[in-house]
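Participant: Can you look at this prediction? I've put the sequence above it.
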Amino acid sequence: MPQVFSRRSFLRTAMGTGLALALPRGLAGCGGEGPAVTATTRPPRVLFISIDSFPPAYLTLNSRGEKGGRDGDWLMPNVRRFLEEATLFADARDYLPAATDMNHLNAVAGTSSAQTGINSVSIQAYNWNADGKARMERPSLSWARDDRGRPVDTLFAAWKRRWPGSRTFYLTGKSWVGEMFRVPNSGVDTIVTGSNFPGYLSPPPEKYNFYDPPGDEDARSDPESIIQAGGALLFLTRDPEHFPCDAWIVDSALQVLDRERPDLGVILMAQLDDTQHSFGSVSDPDDYVSCGNRPCGFQSRRNPWSFREPVLDAARDVDRQFGRLIEGILSMPDYRDAVLVLYSDHGHANHLRQDDLGKSTDMVEILYQAGAISEAEKKGNGFSPMGLSSMGALYWRADSLEDRRDRARTAGEVLLRYRTLNPETGVSECPWAVAAHEDMIRGIAGVAQPGELWHPYFGPNNDRENLLWPDLVVLMKNGWQAPTYGNILENVGIILPFTIPPITIFVGGHGAPDTQRILMAMRGPGIARGRVITDPGYAADYRISDLALTVAQLCGLRLVSTTVGRDRCADLAG
């Protein structure tokens with residue numbers, strides 16, 4: 001059983017025992033407590049707030065990015081202040097792949113990729129075109145299915161079944177995540193992105209310097225590598241509609257709440273993820289060492305392109321905007337008793353600096369040189385690779401499922417035999433773990449749980465008109481990065497007008513088991529304040545999908561498709 005600390009935690013050494021508040025009308029409560037919810041009961045208010053790619057280690061850093069801190073000197077003081085009034089699940093994890101789209105869906109559907117079919121970011125191999133090329137599609141709730149082939153249910157749809165007239169919304173700094181819900185009967189009324197928003201929200205997103213944000217007092221002295229600054233200018237700053245800053249997201253969220261008075265919604269702040277992909281992650285303070293007398297401050301051992309101070313500036317700004325959001329929400333009488341769910345979809349880690357720009361982890365070239373794929377397949381005929389930062393997926397087009405499995409087994413053996421020199425340690429190693437269908441089903445010790453990477457409905461299906469399931473999943477180890485293939489930068493949702501060679505473009509990333517730790521907390525009536533629930537051995541297995549099941553219990557809702565999350569109301573009760 002997890003340990004529950006109400007007086008001693010890393011948030012405050014003398015926090016006091018959490019107190020239960022009276023449940024407002026319409027909130028069913030944990031463990032069946034509280035007033036019963038009926039069709040005529042006014043719906044409660046529940047807001048999900050996500051800080052995309054927030055590593056929990058950020059809570060333990062001081063303002064200089066060092067381990068430990070004190071009141072007045074934390075890196076994320078506003079997030080910590082929120083947690084003092086909440087129950088924090090300190091050892092919660094997401095599901096593999098530890099990436100964006102799938103885990104944002106899991107938070108409101110109680111699922112994993114193995115129960116939705118969503119297993120990629122911003123775009124996914126859906127099926128095969130007549131010319132043998134894979135057809136790439138934006139992930140959509142319309143084709144998500146559970147293990148029995150049923151449409152995936154979400155809190156939004158369940159909410160609308162109980163309260164048809166209630167307003168709902170999804171506001172996101174990652175446009176494609178919100179667009180995933182723009183389908184009939186999704187239950188989402190208003191979808192807000194940087195490029196598609198109601199007319200009363202103005203002005204549109206403006207250019208914003210994520211790493212030297214307004215209020216940064218030492219911007220001129222901050223060191224940025226050419227890779228950091230160049231990547232930011234090329235992508236983040238030049239396209240604010242695609243990369244809206246968190247300040248715009250917060251302004252928009254408060255306007256939506258004030259204007260529409262929605263009862264259920266998601267607010268997704270994406271700035272931290274965008275920044276860490278371009279600048280690196282400071283989640284491991286031991287990774288950063290002083291540059292001595294040189295003006296670069298602190299530099300990553302794993303990836304010397306990453307200097308620490310710009311990342312800290314970005315994190316401080318994210319925390320400021322989060323503080324504005326919470327202050328604004330709690331200042332509205334309609335939302336003072338709202339249940340606030342705070343989570344991240346995954347963590348973030350620095351990638352190794354690969355001076356060969358990805359040749360050492362080019363799965364396609366390695367398989368081609370070993371004779372595991374043909375020249376035609378290397379060019380994308382009947383074979384499709386995906387590279388997403390610290391994970392990858394390979395698909396084969398074949399006449400039978402067994403043919404596909406044979407090809408994947410052979411390729412997996414080639415990849416597991418492969419060795420390359422780690423530039424940080426100087427040791428030759430295999431840079432990945434691989435999972436063919438059999439491995440996805442039975443799991444890989446220390447990597448993936450049984451069935452975590454396997455969809456029982458899509459996996460055994462060889463219908464070329466149906467959603468494809470990967471034949472081989474590749475999970476990177478020790479900071480290695482899978483190269484990007486084709487013209488798609490999946491992790492940041494960019495489709496280029498031209499094809500690029502296989503290349504590693506990110507300074508930081510996620511997707512593999514080392515980025516599964518997430519931020520997960522709940523605050524509101526009936527929820528213990530200042531409680532920290534620990535589960536270091538993962539015996540209780542707190543997961544992102546638990547959020548949907550817990551909120552469903554709180555609100556008297558029922559999800560009708562298969563779920564894997566657990567109701568954690570017993571942990572919340574004060």
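Facilitator: It's in.
Participant: I'd guessed Arg324 sits against Trp248; true?
Facilitator: No: judged on C-beta atoms under 8 Å, Arg324 makes no contact with Trp248 at a distance of 11.6 Å. Any C-beta I mention is one placed from the backbone N, CA and C, and that applies to glycine too.
Participant: Who does the nearest residue to Gly524 once chain neighbours are set aside form a beta bridge with?
Facilitator: Spatial nearest neighbour of Gly524, chain neighbours left out: Val339 (3.7 Å); criterion: C-beta to C-beta, 6 or more residues apart in numbering. Beta bridges link Val339 to Val46, judged by DSSP bridges.
Participant: hmm, back to that, Arg324 and Trp248: who's more crowded?
Facilitator: Applying other C-beta atoms under 10 Å to Arg324 and Trp248 shows that Trp248 carries more neighbours, namely 22 against 17.
Participant: what sits against the nearest residue to that one once chain neighbours are set aside?
Facilitator: Leaving aside its chain neighbours, Trp248 sits nearest to Pro205 (4.6 Å; criterion: C-beta to C-beta, 6+ apart). Contacts for Pro205 (C-beta atoms under 8 Å, 6 or more residues apart in numbering) come out as 194, 240-241, 243-245, 248.
Participant: which residues touch stretch 78-86?
Facilitator: With C-beta under 8 Å, 6+ apart, stretch 78-86 has contacts from 11-12, 15, 51, 54, 58-59, 74, 319-320, 322-323, 326, 340, 342, 519, 521-523, 527, 529-531.
Participant: From the residues you listed, which land in helices?
Facilitator: 319-320, 322-323, 326 (DSSP state H).
Participant: Tell me the one of those nearest Asn127?
Facilitator: Phe322 (39.9 Å; C-beta to C-beta).
Participant: what sits against the closest one?
Facilitator: Contacts of Phe322 by C-beta under 8 Å, 6+ apart are 49, 51, 78-79, 82, 246, 250, 269.
Participant: what two of those residues have the greatest distance between them?
Facilitator: Distance extremes for the contacts of Phe322: the farthest pair is Phe82 and Asp246 at 15.0 Å, using C-beta to C-beta.
Participant: the more surrounded of those two?
Facilitator: Applying other C-beta under 10 Å to Phe82 and Asp246 shows that Asp246 carries more neighbours, namely 30 against 20.
Participant: could you list every residue that touches that one?
Facilitator: Taking C-beta under 8 Å, 6+ apart, we find Asp246 in contact with 173, 269-272, 317-318, 321-322.
Participant: and if you look at Pro513?
Facilitator: With C-beta under 8 Å, 6+ apart, Pro513 has these contacts: 96, 98, 446-448, 475.
Participant: cutoff 7 Å now
Facilitator: 96, 447, 475 (C-beta atoms under 7 Å, 6 or more residues apart in numbering).
Participant: Quick check: the spatially most central residue of the chain vs Gln516, distance?
Facilitator: Residue closest to the average C-alpha location in the chain (C-alpha atoms, centre = their mean): Asp345, at 2.8 Å. Remark: distance between Asp345 and Gln516 (C-beta to C-beta, to the nearest Å) = 10 Å.
Participant: which neighbours do the two share?
Facilitator: Counting by C-beta under 7 Å, 6+ apart, the residues touching both Asp345 and Gln516 are Asp94.
Participant: circling back: how about the ones in helices among the contacts of stretch 78-86 in CSV, adding distance to Pro460 and pLDDT?
Facilitator: Below are the ones in helices among the contacts of stretch 78-86 laid out as CSV (distance: C-beta to C-beta, whole Å; pLDDT from 0 to 100):
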residue, distance to Pro460, pLDDT
Asp319, 46, 98
Arg320, 49, 97
Phe322, 43, 98
Gly323, 48, 98
Ile326, 46, 98
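Participant: what residue ranges in the stretch 1-150 of the chain are flagged as low confidence?
Facilitator: Judged by pLDDT under 70, the stretch 1-150 of the chain has its weakly predicted residues at 1-26, 28-40.
Participant: Would you map the helices across it?
Facilitator: In the stretch 1-150 of the chain, the segments counted as helices under DSSP state H, counting those that start in this stretch are 77-83, 100-109.
Participant: Among those helices, show me which one is buried the most.
Facilitator: Greatest average neighbour count among the helices of the stretch 1-150 of the chain goes to helix 100-109 (a mean of 29), per mean count of other C-beta atoms under 10 Å.
Participant: Provide the contact partners of that one at residue level.
Facilitator: Residues from elsewhere that reach helix 100-109 (C-beta under 7 Å, 6+ apart): 48, 50, 52, 94-95, 111-113, 116, 118-122, 139, 152-156, 174, 177, 180, 266, 268, 343, 345-346, 544-545, 547-548.
Participant: What about these, which are in strands?
Facilitator: Mapping the contacts of helix 100-109 onto strands (DSSP state E) picks out 48, 50, 266, 268, 343.
Participant: Could you report the neighbour count for the residue lying closest to the third one once chain neighbours are set aside?
Facilitator: Translated: Val266. Leaving aside its chain neighbours, Val266 sits nearest to Phe48 (4.4 Å; criterion: C-beta to C-beta, 6+ apart). By other C-beta under 10 Å, the residues close to Phe48 number 23.
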